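Novice: Build the 3D model from these lines:
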Amino acid sequence: MTQLLPIMLLLCAVLSCARHAAVPATSAAGTGTREYALGQLTVRITEGGRAPSPHGPPAGSSLVEVLADRDVIVRQTVPLHPRSGGASGLMVPQHQPLRRHMIAVRPGADGGRLLVIGGDGVRDYPGGRFFTLGGGLFLLAERATAPGDTITVIDARNGLLQCFFSMDTIRVERWYANDRFHFFTYRSLDRVAGQWGADTAWVLVPNLLLQRLVKVERTEMKGPIRQVAYEYEPEQ
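Specialist: Model prediction:
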């Protein structure tokens, strides 16, 4: 751990400016078409209904299109994952942290998907809630899976995947940050007992260079520590 700390300090020095306000989303229940400006482009989202329609996307899906001068340059159908209660369809957060792309979230009982939409296509990542890391360089999306969680780190400059953490026996509890790190407390699965328990003595720090989670004692986290709120979290 002592050898890893200098690398982690260098990497995580930029990961100290996450925004703290939760942002509501545009409702996407039912059918209809919405358009959003994206620089010189237009993003058009058309929701399919529960029954087949000859004029829209297949039932239970959303159609995402990107237009340049009204010409469609990107078209992709996104299957939906219905939730029990609440709206179905793609949700578009009011706050858009990426520089050249738009974010839409497909909520669902599977933890959701995060769509990065631009003139270069539609990228589909796991993650139903997110916040940005320092300097707007990276977007961190989190998805609840069975049994553990996944964490996706996306480069906010180009919308490309930076690294991906899959945690079969780990569930994120809360994110925190100090002047050097973003880290989270967690619950781990005891496979023998089949029970989840909080590990109060340790935290996990995403290391983007090594593309792994580094386990650090809580007492090593110095300085003012603040809890980090999600910039977007789907309605329950």
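
Novice: In the chain, mark out all the helices, start to finish.
Specialist: 4-12 (DSSP state H).

Novice: Centroid-nearest residue for it?
Specialist: Closest to where the C-alpha atoms of the chain average out (CA atoms, centre = their mean) is Ala141, at 2.2 Å.

Novice: Could you report the distance from it to Asp149?
Specialist: 11 Å (CB to CB, to the nearest Å). Yep, even glycine has a C-beta here, placed from its N, CA and C like the rest.

Novice: where does the chain have low pLDDT?
Specialist: Residue ranges of the chain with pLDDT under 70: 1-31, 49-56, 59, 81-88, 109-110, 135-136, 235-236.

Novice: let's see it at 50
Specialist: Low-confidence segments of the chain (pLDDT under 50): 1-30, 84-85, 236.

Novice: For the spatially closest residue to Asp155 that is not a sequence neighbour, give its distance to Leu137.
Specialist: Closest residue in space to Asp155, ignoring its immediate chain neighbours: Gln162 at 4.9 Å, by CB to CB, 6 or more residues apart in numbering. Using CB to CB, Gln162 is found at 9 Å from Leu137.

Novice: try His101
Specialist: Distance of His101 to Leu137, given as CB to CB: 14 Å.

Novice: which of those two has more neighbours?
Specialist: Set His101 next to Leu137 and count neighbours by other CB atoms under 10 Å: His101 wins out with 27 against 16.
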